[in-house]
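Asks: what follows is a predicted protein model with its sequence.
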Amino acid sequence: MADTLFDPPTAAPGDYHAHVFQAGVAATEHPRYVPDYAASTEAYLAQLNAHGLAWGTLIQPSFLGTDNSYLLAALQQYPQRLRGVIVVDDVNPSATFNALGGFVKDGFVALHEAGVRGVRLNLIGRQMPDLAGLAWAPILRFMERLDWHLEFQAKAEQQIEIADLLPKLPEDLKIVIDHYGLPQTSLEVELGEHPLFDLVEEAGERLWVKASGPYRCGPGAARAMHDELVFRGFTRFVPGSDWPHTRFEEKCDGAWDGFGR
């Protein structure tokens, strides 16, 4: 298995987690939040420049659902600076790829050429889809073949479900856990009680952790998780700015700290 999460646009340092969107636009029913401001691609690229980073990764935000059009337009406009991670329909994931190429394989090829390198499942407030079922089987095989990753934003109890699913997923499919696994207290980390530790053990070298969004974790919990994973010999962190820090715009201290580790 490759020692990088995916092939970046350049070998220079980059950002593995950010969002772009238009103001007040939602494309899913009952979104948890909808930002009333725009986060443009150009504004994000300016942030990358300010922090000395050559490229970035756009993650489809939850409130845009499976409408990946704004993200894909950004990838098309700036192919030498951006990669992307899309969202697909939980129940019928093939629909996203069929819409692009008529067949799942053609859709995958088109998205890969556009710069997409993964699929994200935001499980906050949602149930785990049937990843071991027939609808997801061809999707996950194509993802494995193209060296894409399956990315989860998941609470602790959902990470237990992910660990249970691992034997049923393609063995070389890379798994990514967002935001340090969202630990809520440093004590649960220090006591070794957070499910991310078992998930790391079960997944082995196929699992990566995003060093991003420490403010989305409990006070001191992100740092505690990072340090404990390092103590246990884990090295597969990828740094993410989480720009523009949705819902934490005024509390985003440490957003870029992961790039200095």
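Replies: Sure thing, it's come through. Residues are numbered from 1 along each chain as shown.
Asks: residue ranges for the helices of the stretch 101-250 of the chain, please.
Replies: 104-114, 137-145, 156-165, 186-190, 195-203, 221-231 (DSSP state H, counting those that start in this stretch).
Asks: tell me which of the ones you listed lies nearest to Arg81.
Replies: helix 104-114 (13.4 Å; Cβ to Cβ). Glycine gets a C-beta too; all of them are placed from N, C-alpha and C.
Asks: so what does the closest one touch, helix or strand wise?
Replies: helix 69-77, helix 94-101, helix 137-145 (3 or more Cβ pairs under 8 Å, 6 or more residues apart in numbering; DSSP states H and E).
Asks: out of these, which gets the lowest mean score?
Replies: Averaged per stretch, pLDDT over these is lowest on helix 94-101, reaching a mean of 81.
Asks: turn the helices of the stretch 101-250 of the chain into TSV, columns for distance to Pro13.
Replies: Below are these laid out as TSV (distance: least, Cβ to Cβ, whole Å):
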stretch	distance to Pro13
helix 104-114	23
helix 137-145	25
helix 156-165	28
helix 186-190	27
helix 195-203	24
helix 221-231	18
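Asks: can you check which of these gets nearest to Gly52?
Replies: helix 221-231 (21.4 Å).
Asks: and the closest one, what does it pack against?
Replies: By 3+ Cβ pairs under 8 Å, 6+ apart, helix 221-231 packs against helix 186-190, helix 195-203.
Asks: would you format those as JSON lines with distance to Glu113 included?
Replies: Compiled in JSON lines, the helices and strands packed on helix 221-231 are given as follows (distance: least, Cβ to Cβ, whole Å):
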{"stretch": "helix 186-190", "distance to Glu113": "40"}
{"stretch": "helix 195-203", "distance to Glu113": "29"}
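Asks: export the lowest-mean-pLDDT helix or strand in the chain as CSV, just CAs?
Replies: When each helix and strand of the chain is scored by mean pLDDT, DSSP states H and E, helix 94-101 comes last, with a mean of 81. Extracted in CSV, the C-alpha atoms of helix 94-101 (Å, rounded to 0.1, in the frame of the first residue of the first chain):
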residue,chain,number,x,y,z
SER,A,94,-24.0,4.4,-8.3
ALA,A,95,-26.4,7.3,-9.2
THR,A,96,-23.6,9.9,-8.8
PHE,A,97,-21.3,8.1,-11.2
ASN,A,98,-24.1,7.1,-13.7
ALA,A,99,-25.0,10.8,-14.0
LEU,A,100,-21.6,11.7,-15.2
GLY,A,101,-20.8,8.9,-17.6
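Asks: report the angle between it and helix 137-145.
Replies: 70 degrees (axes from the mean of the first three to the mean of the last three Cα atoms, to 10 degrees).
Asks: which residues touch helix 94-101?
Replies: Helix 94-101 is contacted from outside by 66, 68, 86, 88-89, 103-111, 135, 138-139, using Cβ atoms under 8 Å, 6 or more residues apart in numbering.
Asks: quick check: buried residues in it?
Replies: The neighbour-count check on helix 94-101 (16 or more other Cβ atoms under 10 Å) flags 94, 96-97, 100 as buried.
Asks: same question for stretch 162-171.
Replies: Applying 16+ other Cβ under 10 Å to stretch 162-171 flags 162-163, 166, 169 as buried.
Asks: mind checking the pLDDT average for that stretch?
Replies: 96.
Asks: for that stretch, how far is the first residue from the last?
Replies: 14 Å (Cα to Cα, to the nearest Å).
Asks: repeat that for stretch 240-258.
Replies: 7 Å.
Asks: one more: stretch 205-213?
Replies: Terminal-residue distance, stretch 205-213 (Cα to Cα): 23 Å.
Asks: how far is that stretch from where the chain is centred?
Replies: Distance of stretch 205-213 from the chain centroid (Cα atoms, centre = their mean, to the nearest Å) equals 9 Å.
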